[in-house]
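1. Provided below for reference: sequence and predicted model.
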Amino acid sequence: MPATAKKTTPPASKKKAAPAAKAAAKPAAKPENKLAKLGLHNDMDLVLPLPLRYEDETTLMSIAEASMRGLQTVQVEGVVTACDVQFRPRRQLIVTVGDDSGQLTLRFINFYGSQTKQLAEGTRVRVRGELRHGFFGAEMVHPSYKVVNEGAPLPDVLTPVYPAGEGLSQAYLRKAIANAMSRLDWSDTLPPSMLETLNLAGFEPSVRLLHNPPPDVDEHALIERSHPAWIRMKFDELLAQQLSLKRAQAARRAKTSRALPVTGRITEELTKVLPFQLTGAQQRVLEEIRADLRQSFPMQRLLQGDVGSGKTVVAALAAAQAIDSGCQAVLMAPTEILAEQHFRKIAAWMEPLNVGVAWLSGSQKKKEKTEALAHIESGAARLVIGTHALIQDTVQFENLGLVIVDEQHRFGVGQRLALRNKSFNPADREAAAVPHQLMMSATPIPRTLAMTYYADLEVSVIDELPPGRSPIVTRVIDQNRRDEVIERVHAAALEGKQIYWVCPLIEESEALQLQTATDTHAALSAALPDLQIGLVHGRMKPVEKQIVMEGFSRGAIHLLVATTVIEVGVDVPNASLMVIEHAERFGLSQLHQLRGRVGRGSAASVCLLLYQGPLGGTAKQRLATMRETTDGFEIARRDLDIRGPGEFLGARQSGEAMLRFADLATDQWLVEKARDTAQALLQHTPDIVDRHLARWLGGREDFLKV
């Protein structure tokens, strides 16, 4: 006979049950509305959220046998012999269940009053939970249970446990998913010949197995997601993502952009005035960019380069090609310090060549901003450099041909698009012409991540540092040796070296008792009265930061105490020692960026990572990585292993949500297969592409087109 009641899970807290009478007047949200809130609108939406885990309800043990198993999850069946609410040591429901072999106590700390009736004496129940031995013998605390008739059959498949939203029970989800599976169009989106070539299982058997695995399934492969059914799911979603991104790339190439073919006077003279020779890697990526700029569709290129690899000069030469071709170029950076650093360096190269360079930031006075806006709109400014202020509606370009975005992952999708959509001119705007776009990042992106999330971009990599750069030695030092570090800083300053001292907070926080920049500045000023010590942080007025940074740049300040505002863009070749306070609190890529502020000259450079013990596992991994390598790509690879892809992607994280099943740390081989398959399908079988994208992305395809 079938079970006579649904499986029940006790409430998390009795507080939730208390206001039931008040809530009775309000109509409860329908389960189908709750499904819609979770984004589950159709049968395929319901089928593709696969189980988080499984419960084995296919076997029963006697209570005596289960008692001998120790701490593990077991399922038993028996008749309730006692059900009482006890009040010592606290209010709890104690239920005794017995079978022919023994008795078992069920203990519910939080419970509904109705459970005393549901678990009345004489009721037969099937109970599943972790059995342990308490003061009164074998017991389970808060087990799952269901009331059954004697002889009720056991399931013949494992019971799936799904990710559930509030108010949606597992029983409702299982029924809804089973109904969806009975109505679903199971036709495979991939032809049999392709499945055979790729050694992939069919779609329908894979989905059915994952929702209802047989008891003899390889549990390890199921949990580790290495089972052939899981491989098919991972491949399908990676293929959908690759198809979507490549379609976005094709759509971009169908748009119109002004070709920028000229490398004339500005380019030639800029190359001559540079105080250094380009490295081979810089020359290679510059040729890749120049080839893109000659096309009549928009360039969408990501320029990667480790800290100090020379991305700025490549950007300046790309801008020179746009200017030589009769267009304006714009460079946007995420912080005022970085944007101003770019402005000072590039303007010093460009202005002697009679190229108008404009500066635009949110902190400018009204008169300065008005003048800059006029120069931009008239075209007198051929190159514009600034911060987020560049995307304001008041900024109008006369003839914009190239957009350069530095540290692109720090900008939201909307911000990058707003700048890119600053059209050439009103006539071109109607023709939907868009500027070429070059994005730069000093946070190297591992190859797998770039293949997965940047398949719609061309990627250039500067994998060579300029000659003469000194190696950076990194030391990890306990906070208790702070006095020794201060002595080392003093000695370095007396030798003519300059030092950064980086702190994670600006002022005292009760939540995080960390040394702060303001306190550190005061303490170091007292300890080292013979040194000039500056302070810079994000809450200072721009003019104040500028004065301090100028003093440090020209050597008037020996020691600069700073927050992470100096993380990118600051270039002081004489700075050869960095101390990072509470290094265990920083992310790995951020530590690498900060360390890159030293080692920019010929002097041997040192980075001291001060930490407060005891360290957690992740913090130990980060600090060990920093001590072992200065290779940005190796650091990025390890950072991906530690934290996953999120922070590498910036505002592209909307695309990350599309990868529910694949794991970039372990499924790189599948990414490569999916990429190659996507290319073949797009060329030869567009009908398969449409069906596959409809199944996997539905209306969410636009999330990946950023």
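-> Everything's here; your move.

2. residue contacts, the closest residue to T267 other than its chain neighbours?
-> With CB to CB, 6 or more residues apart in numbering as the criterion, T267 has its nearest non-adjacent residue at 4.4 Å, and that residue is A320. Quick note: C-beta positions are derived from backbone N, CA and C, even for glycine. Listed by CB atoms under 8 Å, 6 or more residues apart in numbering, the contact set of A320 reads T263, I266, T267, L270, M350.

3. Is A320 in a helix, a strand, or coil?
-> Put simply, A320 is helix when judged by DSSP: H, G, I helix; E, B strand; the rest coil.

4. farthest-separated two in the contacts of A320?
-> T263 and M350 (15.2 Å; CB to CB).

5. Check the gap between L104 and A619 for me.
-> For L104, the distance to A619 equals 44 Å [CB to CB, to the nearest Å].

6. So the two - more neighbours on which side?
-> More crowded of L104 and A619, by other CB atoms under 10 Å: L104, with 25 against 17.

7. Just confirm that one contacts G98, I think it does.
-> Yes: with contact defined as CB atoms under 8 Å, L104 reaches G98; the gap is 7.3 Å.

8. what touches both of these two?
-> Counting by CB under 8 Å, 6+ apart, the residues touching both L104 and G98 are I63, G78.

9. Could you list the low-confidence segments of the stretch 101-250 of the chain?
-> Residue ranges of the stretch 101-250 of the chain with pLDDT under 70: 164-167.

10. try 90 this time
-> Across the stretch 101-250 of the chain, residues meeting the criterion (pLDDT under 90) sit at 109-117, 130-138, 144, 150-151, 155-177, 184-185, 215-225, 241-250.

11. can you map out the helices along it?
-> Listed in chain order, the helices of the stretch 101-250 of the chain (DSSP state H, counting those that start in this stretch) span 114-118, 170-183, 192-198, 203-211, 219-223, 228-253.

12. Let me have those in JSON lines, extended by distance to A562 and mean neighbour count.
-> As requested, those are arranged in JSON lines below (distance: least, CB to CB, whole Å; neighbours: other CB atoms under 10 Å):
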{"stretch": "helix 114-118", "distance to A562": "60", "mean neighbour count": "14"}
{"stretch": "helix 170-183", "distance to A562": "51", "mean neighbour count": "16"}
{"stretch": "helix 192-198", "distance to A562": "52", "mean neighbour count": "12"}
{"stretch": "helix 203-211", "distance to A562": "51", "mean neighbour count": "19"}
{"stretch": "helix 219-223", "distance to A562": "47", "mean neighbour count": "14"}
{"stretch": "helix 228-253", "distance to A562": "38", "mean neighbour count": "21"}
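
13. In CSV, list those helices along with distance to E484.
-> Putting the helices of the stretch 101-250 of the chain into CSV (distance: least, CB to CB, whole Å) gives the following:
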stretch, distance to E484
helix 114-118, 63
helix 170-183, 58
helix 192-198, 59
helix 203-211, 57
helix 219-223, 49
helix 228-253, 51
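
14. Could you say which one of those comes nearest to F108?
-> The closest of the helices of the stretch 101-250 of the chain to F108 is helix 114-118. By CB to CB, the value is 6.9 Å.

15. Tell me the spacing between C83 and A152.
-> Distance from C83 to A152, counting by CB to CB: 21 Å.

16. neighbour count winner among those two?
-> Each of C83 and A152 has its neighbours counted (other CB under 10 Å); C83 has more, 20 against 15.

17. List of residues touching the host helix or strand of the more buried one?
-> Assigned by DSSP states H and E, C83 belongs to strand 73-86. Outside strand 73-86, the residues within contact range by CB under 8 Å, 6+ apart are 55-57, 59-63, 66, 91-99, 103-104, 116, 119-131, 148.

18. Show the buried residues in those.
-> Neighbour-count burial (16 or more other CB atoms under 10 Å) is assigned, among the contacts of strand 73-86, to 55-57, 61, 63, 66, 92-93, 95-97, 99, 103-104, 119, 123-129, 131, 148.

19. so of those, which ones are in strands?
-> With strands taken from DSSP state E, the overlap with the buried ones among the contacts of strand 73-86 comprises 55, 92-93, 95-97, 99, 103-104, 124-129.

20. What does D687 show for phi and psi?
-> Torsion angles at D687 (phi, psi; degrees, to the nearest 10) stand at phi -70, psi -40.

21. separation between K366 and V357?
-> Distance, K366 to V357, using CB to CB: 21 Å.

22. Those two - which one has more neighbours?
-> Comparing K366 with V357 by neighbour count (other CB under 10 Å), the higher total belongs to V357, at 20 against 7.

23. and the residue lying closest to that one once chain neighbours are set aside, how many neighbours does it have?
-> Leaving aside its sequence neighbours, V357 sits nearest to A347 (CB to CB, 6+ apart; 4.4 Å). The tally of other residues near A347 (other CB under 10 Å) stands at 17.

24. Could you export the helix or strand harbouring A347 as PDB, CA atoms only?
-> Assessed by DSSP H and E, A347 sits inside helix 336-350. The C-alpha coordinates for helix 336-350 follow below in PDB (Å, rounded to 0.1, in the frame of the first residue of the first chain):
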ATOM      1  CA  GLU A 336      41.200  59.700 -10.000                       C
ATOM      2  CA  ILE A 337      44.800  58.800  -9.000                       C
ATOM      3  CA  LEU A 338      45.100  56.300 -11.800                       C
ATOM      4  CA  ALA A 339      43.400  58.600 -14.400                       C
ATOM      5  CA  GLU A 340      45.600  61.500 -13.400                       C
ATOM      6  CA  GLN A 341      48.700  59.300 -13.600                       C
ATOM      7  CA  HIS A 342      47.700  58.400 -17.200                       C
ATOM      8  CA  PHE A 343      47.000  62.000 -18.000                       C
ATOM      9  CA  ARG A 344      50.300  63.300 -16.700                       C
ATOM     10  CA  LYS A 345      52.300  60.600 -18.500                       C
ATOM     11  CA  ILE A 346      50.500  60.600 -21.800                       C
ATOM     12  CA  ALA A 347      50.100  64.400 -22.000                       C
ATOM     13  CA  ALA A 348      53.800  64.800 -21.500                       C
ATOM     14  CA  TRP A 349      54.300  62.600 -24.600                       C
ATOM     15  CA  MET A 350      51.500  64.100 -26.700                       C
END
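
25. how distant is it from the center of its chain?
-> Distance of helix 336-350 from the chain centroid (CA atoms, centre = their mean, to the nearest Å) equals 30 Å.

26. just stretch 245-263 next, same as before
-> Centroid separation for stretch 245-263 versus its chain: 27 Å, with CA atoms, centre = their mean.

27. Just the endpoints, please. Distance across that stretch?
-> Start-to-end span of stretch 245-263 (CA to CA, to the nearest Å) is 32 Å.

28. How about stretch 377-391?
-> The straight-line separation of the ends of stretch 377-391 (CA to CA) is 14 Å.

29. can you map out the strands along the stretch 301-450 of the chain?
-> For the stretch 301-450 of the chain, applying DSSP state E, counting those that start in this stretch gives strands covering 328-332, 357-360, 383-386, 400-405, 436-441.

30. so can I have JSON lines of these showing mean pLDDT and distance to L373?
-> Below are those laid out as JSON lines (pLDDT from 0 to 100; distance: least, CB to CB, whole Å):
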{"stretch": "strand 328-332", "mean pLDDT": "92", "distance to L373": "13"}
{"stretch": "strand 357-360", "mean pLDDT": "92", "distance to L373": "8"}
{"stretch": "strand 383-386", "mean pLDDT": "93", "distance to L373": "10"}
{"stretch": "strand 400-405", "mean pLDDT": "91", "distance to L373": "14"}
{"stretch": "strand 436-441", "mean pLDDT": "89", "distance to L373": "22"}
